[in-house]
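>>> coordinates for the following, if possible.
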Amino acid sequence: MWWASVATTIRGVTAGSDSVLELLPMVFADPGEALARAEKVLDADPGPLHASIAHQVIGIWQRDFGDLRLALTHLRRARDLAARAESADREADILGTLGVALVHAGRTRQGLAAFEQGVGRGSGHTRARVLYKRAYVWWVLGRHREALEDVRRAVPVLRQADDVIWTARALTLRATVHLALGAVERADADFTAAEALWDTTGQEHDKADAVESRGLAAFRSGDIPAALALLDEAEERYAKLGTPTFMLNIRRCEVLMAAGLAPEALAEADGAIAALDGIGGQSTRKAELLLAAAKAARLAGDPQTAIARAALAVRLFAGQRRTWWETHARLVLIEARAAAGRGSGRLVAEAASVAEKLASFGAPAAPEASLLAGRIALDLGWTADAERHLAVAARSRRSGPPLARMTGWVAQALRAQAAGSARGVLEAGRRGLDVLDDHRMTLGASELRARASAQGAELAALAQRASLVSGGPRRLLLWSERWRATALSTPPTRPPADHALLGEMTAFREIAARAEAARMEGRPVPALEREQRRLEREIRARTLHLRGAAPGGGDRFDVGRLLRRLGDDVRLVELAVLDGRVHVLLCAQGRVRRFEAGLLAEAETEAEHVQAGLRRLAHPGAEARLPLVEAAGRRLEELLLGPAAAQLGTGPVVVVPPGRLHRVPWALLPSLRERVLSVSPSASSWLRARETAPPPGGRQVLVRGPGLATGGVEVAELADRYAGAAVLEGAGARVPRVLEELDGAALAHIAAHGTFRADSPLFSALRMADGPIVVHDLERLDRSPYRIILSCCDTARFASVGADELLGLVTARCRSARRAWWRAARPSTTPRWCR
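Purely as a prediction, here's the structure:
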């Protein structure tokens, strides 16, 4: 091995020789220190052998953390110096390092040629290291079988030489290749073995890389909270070392997209691309980041951006001779073009070709490509071609991670629809949504659960269409409820007593209160606002790590139970949207009836006009506009209720709109104006609320926040009515005390300034004496108040996310109440898997 040849060559040289030899392992233990020492070695005008080591260390640092052009300069110099020193093993080792840099620079032919020379020049232990480096390059190029072959040849030699560091690296690489091939169990075994070896070393960068790799393994196995937690831990480790890592950005993008956070993934990818361009970094990483950005843009509903990013990624991958990656980029490009309405026979052929290539690579994305080909063929009316492609995609429904199985069930549902089998569509929809239910149950964060529902939207829509054709109004109601406000229908996860999170929440309240005070005095403080945003990011990141309960929980909606609870007087109106049209499901007097109303797009436009008109009415002299607003209310009623408006009777009405219509001023509709009216995110939510028993003791709490124009006079009046109520006002209305009193109360009345954050709904807030109460605080309640009145601005506003989900202050209350209901109901319910 070259270490031995170096020792022979420099025998008798000063003790400083040993420190030069330590630089190579140090570059991934303490990169900054290794770089500084290598530069010192060169300043001392060393001989060719030591100079080759120093140049190689600088080349590695620049290749992985700096400017790739400088890396190539140093590595070529290192190669030439090793040749002058007449050390074949030293030269072979540098040729391997240079080969990696050349491939990352997009010079694939030159890189592979360098590896051929290196493998030929090296012997024994050194050749094994060069084989490992070439295996890494094969992985970068997507040639996984060649990668596994080179690792297979390298590992026994590295183990025999008792080379712990390089053995651990080889095992980590082999695990990563296994993941690319979908072999999660083999990958996990290699990651575990590598981690045990890393624990015996001081290789801090390699240890961080191992944590990052475990995050990738968690993601591939469907554990998104664990993946996010591990990637954040890896990022903290890299930050301590001062080493940027763009692979981590790529992996985080994948996890964010799987969690339904596509806009965040796009921002992450674009930010990393800008940073990479700024340092002249690896073109291979840029291509991978462009691919991640293209995927994120497509999922975020921006097909034009996706087309631009994917097309550039295809060109870069092709130039780098990375066929595996190029094929994946072509898949995203085809998906984006189809989303932009460019479906054609040529696109079907391209998708089919991509599916065949991906299958030949053993890539897990192959079913997605087959599904895409089948979907486009269906749109063109090519049923035979569609059936062929969808049948291939449907095979993935039986095994693999949850989202891969979802792909298979979507394909199966489309096959059944094309064959005219409503029963087949409903069965595929049921099975596929059960898979996604179990997946969402592992997600503890409300935001992740809500956004994950978007992944089942197509299956739910297919099932709704099938039930409309074959099952009547009752079945349509069942399927409307099946995928409506599901984040509220599963047993919630209470955030654990995380001291770091609690500390960040306290700091957030302090900073937010100071920033608000400064704004009220007309002197905004940018530094405070920046710190507030930083704390928001930290809190959000921690909550995304929450794990959910075990799969299989949750209750099933029962139409009969709903109708019995409604009785003869109460009407429940659920609005379902199919192919852009509103269908009104009127539940009352023991039956469900269906009525067709208007188009959803027209209703949304009219609702925006109504809201603008109502805002104008708040200004003096606007009374003349009242007839216009009332006329708009009549138009809204026609679009949203249609003929059902005449069937509402005279009793109370519960309206269950889709998420996009929750901001409609329902009391403005003529048929709803003079009656008791409730609005609920789902019929299931309303039913649970009606069946939830009040807590024993009947405790009341009244809260008056600071700075109210009215002084919160209603609190004083209510205090007279509820003699034993806890009244929190002034300095007593501090967040910890307010939360303590709210937990488990029978009645809570809060008069305070409220703010809704459309950009981050879980930071919507109620202002208290010491800062804001945000949704994250309310989710920590063990049991929400049985009845709560929020006399606050903007508290009824929501962000509509996922398929048909809502996030905001009121839904936080629903989730906390749901936790109490779940505890009470669970002992008497039978888990789904036992039925």
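
>>> nearest spatial neighbour of residue 436, skipping sequence neighbours?
Leaving aside its sequence neighbours, residue 436 sits nearest to residue 456 (C-beta to C-beta, 6 or more residues apart in numbering; 4.5 Å). Using the backbone N, CA and C atoms, a C-beta is placed for each residue, glycine as well.

>>> also residue 515?
Nearest one to residue 515, counting by C-beta to C-beta, 6+ apart, is residue 528 at 4.2 Å.

>>> show me which residues of stretch 105-115 are buried.
Buried residues in stretch 105-115, defined by neighbour count with 16 or more other C-beta atoms under 10 Å: 105, 106, 107, 108, 111, 112, 114, 115.

>>> contacts for stretch 635-652, please.
With C-beta atoms under 8 Å, 6 or more residues apart in numbering as the test, stretch 635-652 has contacts from 569-571, 573, 575, 582, 584, 586, 588, 593, 595-599, 602-603, 606-607, 610, 657, 661, 664, 668-672, 675-678.

>>> which of those residues fall in helices?
Those of these mapping onto helices are 602, 603, 606, 607, 610, 670, 671, 672, per DSSP state H.

>>> now, among these, which is nearest to residue 511?
Residue 511 lies nearest to residue 607 out of these, by C-beta to C-beta, at 36.2 Å.

>>> circling back: can you tell me how far the residue nearest to residue 436 sits from residue 475?
Distance, residue 456 to residue 475, by C-beta to C-beta, to the nearest Å: 18 Å.

>>> quick one, which of these two is more surrounded?
residue 456 (27 against 20; other C-beta atoms under 10 Å).

>>> could you report the separation of that one from residue 434?
According to C-beta to C-beta, residue 456 and residue 434 sit 10 Å apart.

>>> in the stretch 401-550 of the chain, where is pLDDT below threshold?
For the stretch 401-550 of the chain, residues meeting the criterion pLDDT under 70 lie at 439-455, 485-499, 501-503, 505-510, 513-514, 516-525, 539-550.

>>> what residue ranges in the stretch 1-150 of the chain score low on pLDDT?
Within the stretch 1-150 of the chain, the segments meeting pLDDT under 70 span 1-18.

>>> thinking residue 161 is in contact with residue 127, fair?
No - contact criterion C-beta atoms under 8 Å: residue 161 and residue 127 do not qualify, at 11.2 Å.

>>> low-scoring stretches of the stretch 701-835 of the chain, by residue?
Along the stretch 701-835 of the chain, the model assigns pLDDT under 70 to residues 758-760, 762, 794-835.

>>> all helices for it, in order.
Applying DSSP state H, counting those that start in this stretch to the stretch 701-835 of the chain gives helices spanning 713-721, 735-742, 775-778, 809-825.

>>> contact partners for residue 732?
Each residue near residue 732 by C-beta under 8 Å, 6+ apart is listed here: residue 769.

>>> how much space is there between it and residue 769?
Using C-beta to C-beta, residue 732 is found at 7 Å from residue 769.

>>> which of the ones in helices among the contacts of stretch 635-652 are buried?
By 16+ other C-beta under 10 Å, these give 602, 603, 606, 607, 610, 671, 672 as buried.

>>> leaving out the residues flanking it, which one is nearest to the fourth one?
This points to residue 607. Closest to residue 607 by C-beta to C-beta, 6+ apart is residue 664, at 4.9 Å.

>>> tell me the phi and psi of that neighbour?
Residue 664 adopts backbone torsions of phi -60, psi 130, taken as degrees, to the nearest 10.

>>> now do it against residue 538, distance only.
Look at residue 664 and residue 538: by C-beta to C-beta, they are 36 Å apart.

>>> more crowded one of these two?
Per other C-beta under 10 Å, whichever of residue 664 and residue 538 has more neighbours is residue 664, with 23 against 18.

>>> that one contacts residue 608, doesn't it?
No - using C-beta under 8 Å, residue 664 is not in contact with residue 608; the gap is 10.0 Å.

>>> so how far is residue 215 from residue 395?
Residue 395 is 29 Å from residue 215, by C-beta to C-beta.

>>> and those two? Which one has more around it.
residue 215 (25 against 14).

>>> moving C-terminal from the host helix or strand of that one, which element do we reach first?
Element membership for residue 215 (DSSP states H and E) is helix 204-220. Once the chain leaves helix 204-220, the next helix or strand it forms, by DSSP H and E, is helix 224-241.

>>> tell me the mean pLDDT for that next one?
Throughout helix 224-241, pLDDT has a mean value of 85.

>>> same deal with stretch 647-656?
Stretch 647-656 comes out at a mean pLDDT of 92.

>>> what do you get for stretch 166-182?
87.
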